[in-house]
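# With the sequence up front, the predicted model follows.
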Amino acid sequence: MLIVGGGGREHALAWKLSHSPKINQIYCVPGNAGTASLANCRNVSMSSDDLEGILRFAEVQGIGLTVVGPEVPLALGIVDNFQAAEMAIFGPTKAGAQIESSKSWAKALMQEAGIPTAASAVFSDAAAAIEYVEQQGAPIVVKADGLASGKGVIVALTLEEARDSISKIFDGQFGAAGETVLIEEFLQGEETSVLAITDGLTIRPLLPAQDHKRLGDGDLGPNTGGMGAYAPAPLVTPELMAKIQTQVLEPAIATLRDRGIDYRGCLYAGLMITPQGEPKVIEFNCRFGDPETQAILPLLDSPLDELMLACIEQRLAKMPPIEWKPEASVTVVMAASGYPEKSETGKFITGIGKAEETGAVVFHASTKLKNKSLVTAGGRVLGVTATGATIKDAIDTAYKAIESIEFDGAIYRHDIGWRAL
């Protein structure tokens, strides 16, 4: 099988899929030092957005299943290419990936489907956007419309911050992703992530998770791609999950279908749960979340490859219920100095073997091998993941494991999972 991507999510996918008795060889494009360390996994030196090269490699190797991790190859149409070549691939087509690649497109879909979400307006001109926020007041949310690696959303607490954010986006802070801006009302409540798998007809949620977006303890500092996650999130009761299923997940898939889009793969709903216990969609993503995937997959008891194939072959309804370990899981991200701005790289990493003696699993995100030594290669470096009978047990093990890991300038939050406690 083939996994496209090279981050912590992809290491977690490769790790989970490597446990399947039906998979004897995994290739990762491009992978990282963590995927390279798996016994039956080999990295392929190729960019994850080299769509033609990846398809050629899959055809030559006779790959039976390809799984796409990041959003960019999905938005570029990798699934369309594989489908045209009659190769099995898990993920939505380019048309379906618009649910993440264009926030205004996704917002229109939500409104059409009657999915609860924040009031919003779309602008392609800075002056009009600034005039709108001055009418609405702060706090308010400013979003670059396109893909911005999870960093194109600014929760502006003051009008000055909102104006500044709009100006920076239109001045090219996020490149082409900021040619259009979405302005949304500020929602109050508690965030949660619900990742679901779908074959375009049936949609089944995975365990609810909570991500910690802010860089610093106490949810302070800039937004990041995610500094940690835990699952299952106690906030999402069975009653609330039933509401998310009927008010969010099923209408989304039905409306995509009404638009002629056959959406198969993972649908990620980023939700705000209001103080009244109602779910409102903040965003949809067209792929597995990162770092939520690292926290969710260690609890999955059902074979992941079989679930993915059922989605591709449109027979998810016939699959038995998804089974889970009756435990909790926590992932703490260790990042490089300077993250989320300009991160320092090339720092030697030690202690992962000792960390895993605690029972934790260390998922590599931005790592590479340099002269047989492990070094940092980006912002989010590692995701230290532990399971336990309770959230507290999992937290304790994850932080005990972190004590053994060292690299110069390492930063991490000390309060991952605090809401669950």
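Thanks, I have the structure now. Residues are numbered from 1 along each chain as shown.

# list the contacts for the residue nearest the centre of the chain?
Ranked by distance to the mean C-alpha position of the chain (CA atoms, centre = their mean), the top residue is G289 at 1.6 Å. By CB atoms under 8 Å, 6 or more residues apart in numbering, the contact list for G289 reads R9, S193, L195, A209, D211, G226, A229, Y268. Glycine gets a C-beta too; all of them are placed from N, C-alpha and C.

# and of the residues you listed, the nearest to Q83?
Nearest to Q83 out of those is Y268 (CB to CB; 21.3 Å).

# Quick one: the strands in the stretch 1-150 of the chain, in order.
2-5, 26-30, 41-43, 66-68, 89-90, 120-123, 140-144 (DSSP state E, counting those that start in this stretch).

# Export those as CSV, with columns for mean neighbour count, distance to F363 and mean pLDDT.
Output for the strands of the stretch 1-150 of the chain, formatted as CSV (neighbours: other CB atoms under 10 Å; distance: least, CB to CB, whole Å; pLDDT from 0 to 100):
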stretch, mean neighbour count, distance to F363, mean pLDDT
strand 2-5, 27, 12, 98
strand 26-30, 24, 13, 98
strand 41-43, 18, 13, 97
strand 66-68, 27, 16, 98
strand 89-90, 28, 19, 98
strand 120-123, 18, 34, 94
strand 140-144, 24, 28, 94
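
# Between these, which one is closest to I352.
Here strand 41-43 is closest among the strands of the stretch 1-150 of the chain (CB to CB), at 16.3 Å.

# partners of that closest one in the sheet?
strand 26-30 (parallel) (DSSP bridges).

# still on that earlier bit, same list, the strands of the stretch 1-150 of the chain, but as TSV with distance to I99 please.
Shown next, in TSV, are the strands of the stretch 1-150 of the chain (distance: least, CB to CB, whole Å):
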stretch	distance to I99
strand 2-5	19
strand 26-30	24
strand 41-43	30
strand 66-68	14
strand 89-90	16
strand 120-123	15
strand 140-144	14
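
# For L235, list the residues it contacts.
E190, T192, P208, Q210, I273, R419.

# ok so, going back, closest to V333 out of the strands of the stretch 1-150 of the chain?
strand 2-5 (16.5 Å).

# Using the record's domain definitions, break the chain down for me.
2-94, 125-179, 190-318, 328-420 (automatic domain parsing).

# and G77, how many neighbours?
16 (other CB atoms under 10 Å).

# Cross-check the contact I'm expecting between it and T93.
Yes: using CB atoms under 8 Å, G77 is in contact with T93, at 7.1 Å.

# what is the nearest residue to Q61 once chain neighbours are set aside paired to in the beta sheet?
Using CB to CB, 6 or more residues apart in numbering and skipping the chain neighbours, the partner closest in space to Q61 is Y27 (6.8 Å). Beta-bridge partners for Y27, by DSSP bridges, are L2, R42.

# right, and Y27 touches G5 too?
No: counting by CB under 8 Å, Y27 stays clear of G5, with 11.8 Å between them.

# can the domains of the chain go into CSV with extra columns for distance to S102?
Output for the domains of the chain, formatted as CSV (distance: least, CB to CB, whole Å):
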stretch, distance to S102
domain 2-94, 9
domain 125-179, 6
domain 190-318, 11
domain 328-420, 23
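
# so who does L300 touch?
Contacts of L300 (CB under 8 Å, 6+ apart): K16, L206, I322, E323, W324, K325.

# Narrow those to those that are buried.
The neighbour count (16 or more other CB atoms under 10 Å) marks K16, L206 as buried among these.

# Now the terminal residues of stretch 349-358, how far apart.
Start to finish, the residues bounding stretch 349-358 are 18 Å apart (CA to CA, to the nearest Å).

# which outside residues touch it?
362, 367, 374-376, 381-382, 384, 386, 397, 400-407.

# Roughly how far does T202 sit from I99?
Separation of T202 from I99 (CB to CB, to the nearest Å): 18 Å.

# Between the two, which is the more surrounded one?
It is I99, of T202 and I99, that has more neighbours when counted by other CB under 10 Å, with 25 against 18.

# got the contact list for the more buried one?
P92, W105, A106, L109, A252, L256, Y263, L267, F284, N285, C286.

# any chance of the residues you listed in a markdown table, with pLDDT too?
Formatted as a markdown table, the contacts of I99 follow (pLDDT from 0 to 100):
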| residue | pLDDT |
| --- | --- |
| P92 | 98 |
| W105 | 96 |
| A106 | 96 |
| L109 | 98 |
| A252 | 98 |
| L256 | 98 |
| Y263 | 98 |
| L267 | 98 |
| F284 | 97 |
| N285 | 96 |
| C286 | 98 |
